[in-house]
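I'd like to go over a predicted model; first the sequence, then the structure.
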Amino acid sequence: MDSSSNIKFEDPHQILGMGGPWIGKLYIQDELVSQNVVVDNFFQDKKLNRVYFIIYKKTSRWLKKNYFYVAFFDLKSKIVFQYDNKFDMIYINEVCNGEELSYYDAFHDKNPNLERKIILNNPDFHSKTK
């Protein structure tokens, strides 16, 4: 299923100032998938039939206590899975070999020294919604 043209965001707003990041409500095929999603850092993996994105979790008015989480929406089951680990900054890039998610410890992918990997077949990914 190719739903890349059916991905949209509503109510975008800036969270950190200085140009971003921006978050909003993520809709796929006109269905609300998640709120507080970084609007300029998501991608669809057609091979695994998933849409990967970043969720922003505000726990305090102080920036140091707020976090980002990696998540994906399975297009077949229509379930959101969220990675348990939290990040101060993150930029997701691509799925490598169908087994690893490439990401950066930054809000961009410009510094290769900041690239890291998450194993996708990992018990730290949990179903968030049905």
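Yes, it's here. Residues are numbered from 1 along each chain as shown.

near the closest residue to residue 96 other than its chain neighbours, how many other residues are there?
Excluding the flanking residues, the one nearest residue 96 by C-beta to C-beta, 6 or more residues apart in numbering is residue 102, at 5.5 Å. Heads up, the C-betas are built off the backbone N, CA and C, glycines and all. Using other C-beta atoms under 10 Å, residue 102 has 15 other residues around it.

residue 102 pairs with what?
residue 94, residue 117 (DSSP bridges).

Provide a list of residues in contact with it.
92, 93, 94, 95, 96, 115, 116, 117 (C-beta atoms under 8 Å, 6 or more residues apart in numbering).

quick check, nearest of those residues to residue 79?
residue 95 (17.6 Å; C-beta to C-beta).

which residues touch residue 43?
Residue 43 neighbours (C-beta under 8 Å, 6+ apart): 51, 52, 92, 94.

repeat that for residue 127.
By C-beta under 8 Å, 6+ apart, the residues touching residue 127 are 79, 80, 81.

try 6 Å this time
Contact analysis of residue 127 by C-beta atoms under 6 Å, 6 or more residues apart in numbering lists 79, 81.

mind checking how far it is from residue 73?
Here residue 127 is placed at a distance of 11 Å from residue 73 (C-beta to C-beta, to the nearest Å).

lowest-confidence entry in the contacts of residue 43?
The member of the contacts of residue 43 with the lowest pLDDT is residue 94, and it reads 93.

the closest residue to residue 121 other than its chain neighbours: how many residues sit nearby?
Once flanking residues are discounted, residue 121 sits nearest to residue 99: 6.7 Å by C-beta to C-beta, 6+ apart. Neighbours of residue 99 under the rule other C-beta under 10 Å: 12.

what's the pLDDT at residue 99?
Here, the pLDDT recorded for residue 99 equals 88.

what is the nearest of the contacts of residue 102 to residue 30?
Of all those, residue 30 sits closest to residue 92, with 23.9 Å by C-beta to C-beta.

point me to the helix or strand that includes the closest one.
Using DSSP states H and E, residue 92 maps to strand 91-96.

and that strand, what does it pack onto?
Where contact means 3 or more C-beta pairs under 6 Å, 6 or more residues apart in numbering; DSSP states H and E, strand 91-96 is packed against strand 100-104.
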